[in-house]
Structures are given as structure tokens and as C-alpha cells.
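Engineer: My questions are about this predicted structure, shown below with the sequence.
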Amino acid sequence: MATIAFIGLGNMGGPMAVNLAKAGHTVNAFDLSEQALKQAAEHGCQIADSAQAAVSGADVVISMLPASKHVESLYVSGDQPLFDRVNKTALVIDCSTIDAETARRVAAAGAEKGVGFIDAPVSGGVGGAQAGTLTFIVGGSAAQFQQAQPILEAMGKNIFHAGDHGAGQVAKVCNNMLLGILMAGTCEALNMGVKNGLDPKVLSDIMKQSSGNNWALQVYNPVPGVMEGVPASRDYQGGFQVDLMFKDLGLAMEVSQQSASATPMGSAARALFNLHKSAGNGGLDFSSLIKLYQDAE
Ligand code: NAD
């Protein structure tokens, strides 16, 4: 069993750290939020006073932070960069969704200090994080992938090696661009059905058995009351914030621009989430996009 430093115990990182502790690893956890630390301590993690203290003596370091700037500052450009503190034999696994360019730059900065760093963004949402069934999409060398695999298996079901550094992030934004498009389309179809007198549960059941079936309909229905245990049924609290989906669609637009790939649907989804965010809904789960359609009437 390994000694693991876990930095970032939010909606995703909190349950991921708990699953590592449940699997028998020693988890030294750190977050800026007292509440997040308290919850991790209640579920078997050791609490560290700082990120620097958490990584002391760790075989593996995992981070699950909001965005690129948090990751770069933690490891490279902040006051006390972790690359100066981490064991040279340790592997750093960043599971945050960030831009591929930053992931490559941070990996190169780690390599200069003799520290291995891989990108390993996840898919599967808070439900997947809690159940330990996440999909990990890894960018790094084959040897680093092998080293990470047994650790990631305590938190996930499907572990993919997408390619070299940054490839995990490119694959992840392709997936999340598609997710944003699918959620927008699902909200649009459900709202139109309801406006025409259909029961959203009946319409959802019909589409799930028809050619419009998709992940949002299967496990993340955006209409309150249709499905238990999803953010729509708890006032869109928890889950995957509109702010984060908007960030991911922005990352997708960067990849699209850099590679001259046409992404008109991704661009439309980004505009919709932008409108919804601008109306003050950034902190709600992304399935709350359906309110944009409902409020438009
Ligand atoms: P979150 O906002 O719930 O959690 C982020 C945590 O990081 C917070 O608890 C915050 O206090 C902490 N933090 C920020 N800066 C820190 C620092 N310097 N040191 C220590 N802790 C710090 O976000 P989340 O929903 O858990 O998402 C985390 C990442 O996972 C994001 O990149 C997101 O895009 C990605 N993601 C989220 C989901 C989802 O469904 N929520 C799914 C897949 C991927």
C-alpha cells in the first residue's frame, strides 16, 4: 500500500481520496476549505496543514483542482512549489481538467527537477467518484501509465492511456464538448415535449429506448423529479458546476482553434452555457441549463 498526498477535496476529490483510504492506502489530504478537510478526516484520511506537509514522504501525489492556474501555481509558479518538495521517486498525477499546453509545461518543469508528472483527467461525475467507477484518461509515458494504474484502479473502473503528456486533456475536452452538446440538446428536447403537454418522465423513457438515447437521459436527467439522486432533484446542488462546464467548453474552443478543427456545435453549446452563467447560475450543476429554456418562455 502507498502513502498518497491528495490535494483538492471538492465535489470530486473528496470522494476520490476517501476511496483511496478505503482501499488501504495512507492518504495525507489537503484543501483550502476547512469543511472539506473535516469530511475527509471523518472518512479515513489524515489531514495535513499544507500542501507542502501533505507531500512529505509521499510515494504518489494526486491533485484535483478547479483549473490550469491552480495546478501551475501549486507545482511550479507559487510561493512554495511542490516540485521542490516531492520525493524524486514519487509520481505526480493531476486529475484536474486543464488545458493540454499547461499539462505539458508542468510535466516538463517536473522533468527538469527529476519528478514525474502525468495528466489523468476523469469522466463519470460525482456519482462515479463516490462509487469508485470513474474513467481515467492518462497522458504520459508508458512506464508512468503502468506506475499509476494500480493507484487509479482504487478510484476508477476504466483506465485509458491516451498518449504522451497532454493527450489525456485533449481526449477529455473532446468528451466534455460532446457532453455539453448532449446536455443542451437533451434540455431542448425535454422542454419542447413538456411545453406540448408531455410528462417529462414518459418522454425520457421513450427517448431512452429510441435513437435519441444518451448519457444525460440515462443517468443525469435535467428535469426535477424525473430521476432520484441527481442534481436536478436537489435544486441543482453538488454535481458538475456550470462554471466548470463553461471552462471545459472554453478549453475545447482553444483546441479547436489551435488545430483548425470545425466545432460549430461546441461553440453553440458554449454560448448557451455562457448565457446561463451570466444570469448568475455558475455555481449550479450544469443540468440546470434547462432553466435557460424554461425562463425564455
Ligand atoms: P470543486 O470546486 O468542488 O473542488 C475543487 C477543490 O479544490 C475545492 O475544495 C477547493 O477548495 C480546492 N482548492 C483550490 N485551490 C486549492 C489549493 N491551492 N490547494 C488546495 N485545495 C485547493 O471542483 P470539482 O467539481 O471537484 O472539480 C475538480 C476538477 O475536476 C475540475 O478541474 C473539474 O473540471 C474536474 N471534473 C469535475 C467533474 C464533476 O462532475 N464535478 C467531473 C469530471 C471532472
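Structural biologist: Received it, and whenever you're ready, just let me know what you need. Residues are numbered from 1 along each chain as shown.
Engineer: Which elements pack onto the longest strand along the chain?
Structural biologist: Secondary structure of the chain read by DSSP state E shows that its longest strand is strand 156-163. Secondary-structure packing of strand 156-163 (3 or more C-beta pairs under 8 Å, 6 or more residues apart in numbering; DSSP states H and E): strand 134-139, helix 142-152, helix 167-195. To be clear about C-beta, it is placed using only N, CA and C from the backbone, and glycine gets the same treatment.
Engineer: avg pLDDT for the first one?
Structural biologist: What strand 134-139 shows for mean pLDDT is 98.
Engineer: and it, does that touch the ligand?
Structural biologist: No: interface with the ligand: strand 134-139 contributes nothing (C-beta under 6 Å from any ligand atom), its closest point being 8.0 Å away.
Engineer: Nearest spatial neighbour of I151, chain-adjacent residues omitted?
Structural biologist: Sequence neighbours aside, V60 is the residue nearest to I151 in space, at 5.5 Å (criterion: C-beta to C-beta, 6 or more residues apart in numbering).
Engineer: what comes up buried for the longest strand of the chain?
Structural biologist: Buried residues in strand 156-163, counting neighbours by 16 or more other C-beta atoms under 10 Å, are found at G156, I159, F160, H161, A162.
Engineer: Tabulate those residues (a markdown table), appending pLDDT and distance to P264.
Structural biologist: Putting these into a markdown table (pLDDT from 0 to 100; distance: C-beta to C-beta, whole Å) gives the following:
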| residue | pLDDT | distance to P264 |
| --- | --- | --- |
| G156 | 98 | 32 |
| I159 | 98 | 32 |
| F160 | 98 | 27 |
| H161 | 98 | 31 |
| A162 | 98 | 25 |
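Engineer: Among these, which one sits closest to G114?
Structural biologist: Top of the list for closeness to G114, among the buried residues of strand 156-163 and by C-beta to C-beta, is H161 at 22.6 Å.
Engineer: Would you confirm that the closest one contacts V138?
Structural biologist: Yes: using C-beta atoms under 8 Å, H161 is in contact with V138, at 5.2 Å.
Engineer: so what sits against both of the two?
Structural biologist: Common neighbours of H161 and V138 are listed as F145 (criterion: C-beta atoms under 8 Å, 6 or more residues apart in numbering).
Engineer: re earlier: just list whatever residues bridge to the residue nearest to I151.
Structural biologist: Applying DSSP bridges to V60 yields these beta-bridge partners: I4, L91.
Engineer: Now do the same for it: its pLDDT.
Structural biologist: At V60 the predicted local confidence, pLDDT, stands at 98.
Engineer: Tell me which residues touch it, please.
Structural biologist: Applying C-beta under 8 Å, 6+ apart as the definition, the contact partners of V60 turn out to be A2, T3, I4, A5, A90, L91, V92, I93, A148, I151.
Engineer: Which two among these are spaced furthest apart?
Structural biologist: With C-beta to C-beta as the measure, no two of these lie farther apart than T3 and A148, at 15.2 Å.
Engineer: the more surrounded of these two?
Structural biologist: Using other C-beta atoms under 10 Å, the more surrounded residue of T3 and A148 is A148, with 23 against 17.
Engineer: so is the closest residue in space to that one that isn't next to it in sequence in a helix, a strand, or just coil?
Structural biologist: Distances taken as C-beta to C-beta, 6+ apart put I93 closest to A148, at 5.5 Å, once the chain neighbours are dropped. Secondary structure for I93, judged by DSSP: H, G, I helix; E, B strand; the rest coil, is strand.
Engineer: Does I93 touch I151 like I think?
Structural biologist: Yes: counting by C-beta under 8 Å, I151 is a contact partner of I93 at 7.0 Å.
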